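Asks: predicted model and sequence below, questions to follow.
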Amino acid sequence: MAKLRFIWDLEDDPEGNVQHIAEHGISQEEVEEVVKNHHQTAVASRSSGLPATFGWTSTGKYLCVIFEYVEDDPPAIRPVTAFEAPPPGKKRGKKRGH
């Protein structure tokens, strides 16, 4: 498989993807790690329709990464956002039986 290329905005761009993911406490390295390992299993984001993938980082975070495919050959990906997500098997908002 061809190596993925990541497209990052300038670090000082207040509207860029670097600062946006940093606001969520996520590093570029963590985003790249999840996308490299899981982009083939991406699903459509419920809010944007863009590809979304989930995975663990070597730092112990379970992330959701939303990205765009910019080019196919060689593959280039532009991360849009990333945030910590509940790991698989964890139920959110479910109340236990009475």
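Replies: Arrived safely. Residues are numbered from 1 along each chain as shown.
Asks: list the helices and strands the lengthiest helix in the chain packs on?
Replies: Across the chain, the longest stretch assigned as helix under DSSP state H is helix 28-38. Secondary-structure packing of helix 28-38 (3 or more Cβ pairs under 8 Å, 6 or more residues apart in numbering; DSSP states H and E): strand 5-6, helix 17-23, strand 51-56, strand 62-72, strand 75-84. Glycine gets a C-beta too; all of them are placed from N, C-alpha and C.
Asks: ok, the nearest residue to E68 once chain neighbours are set aside - contacts?
Replies: Counting by Cβ to Cβ, 6 or more residues apart in numbering, R78 is the residue found nearest to E68 once chain neighbours are left out, at 4.8 Å. R78 is in contact with 6-8, 17, 67-68, 70, counting by Cβ atoms under 8 Å, 6 or more residues apart in numbering.
Asks: distance check, R78 against I7.
Replies: 4 Å (Cβ to Cβ, to the nearest Å).
Asks: what's the overlap in contacts for the two?
Replies: V70.
Asks: mind checking pLDDT for the nearest residue to E84 once chain neighbours are set aside?
Replies: Excluding its sequence neighbours, the residue lying closest to E84 (Cβ to Cβ, 6+ apart) is K61, at 5.5 Å. On pLDDT, K61 comes in at 96.
Asks: measure A85 to E29 for me?
Replies: As judged by Cβ to Cβ, A85 and E29 stand 18 Å apart.
Asks: ok, these two, which is more surrounded?
Replies: A85 (16 against 11; other Cβ atoms under 10 Å).
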